[in-house]
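Asker: missing the sequence, but the structure's below:
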């Protein structure tokens, strides 16, 4: 089994609009803002067909909102994902889940899908529920994901394990709503 041990750094310069009002702990109505998470991940790569790879990966990082007052600002985000990559066209389809865990242990759960090429994809994230102070949370938004793992995977002929693959997850406008407390 191949193992890539060196850290892959993904350079990603963004000029995205965002804004909006940050989520308050007792907020009502849709709130939102721009959010970013730098991620560290690892995954297993398997060749599943001629010119097709499947990647099962898990990423962990910290999410930061432009508005520091969001209860999700600084939350640990864990995102398991499955990707299929066509090594000829360099196109990929990715789906997964993200769990956001705040300092007090409250969690928000989400599901997402995206598509793109060579280690980047765009798609949608939908919040599916929450616990503690995030109980009843709804929302989501457009997302952009950049990760070194798919590009590294394409250089592995038949598959292997990739460790320390860095990535970046960006929501230009992550909107959500909490029930009135």
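Answerer: Thanks, I have the structure now. Everything numeric in this text was worked out from a predicted model, so none of it was measured.

Asker: immediately after the helix or strand that contains residue 57, which helix or strand?
Answerer: Per DSSP states H and E, residue 57 falls inside strand 52-65. Downstream of strand 52-65, the first helix or strand assigned by DSSP H and E is strand 76-86.

Asker: quick one, that next one and strand 52-65 angle?
Answerer: 150 degrees (axes from the mean of the first three to the mean of the last three C-alpha atoms, to 10 degrees).

Asker: run through who's touching strand 76-86.
Answerer: Contact with strand 76-86 is made by 37, 39, 41, 43, 48, 51-63, 91-101, 150, 153-154, 169, as judged by C-beta atoms under 8 Å, 6 or more residues apart in numbering. Where you see a C-beta, it was placed from the backbone N, CA and C, and this is true even at glycine.

Asker: the strand holding residue 57: partners in the sheet, and parallel or antiparallel?
Answerer: Sheet pairing of strand 52-65 (DSSP bridges) gives strand 31-49 (antiparallel), strand 76-86 (antiparallel).

Asker: show me which positions of that strand end up buried.
Answerer: Across strand 52-65, burial judged by 16 or more other C-beta atoms under 10 Å covers 53, 54, 55, 57, 59, 61, 63, 64, 65.
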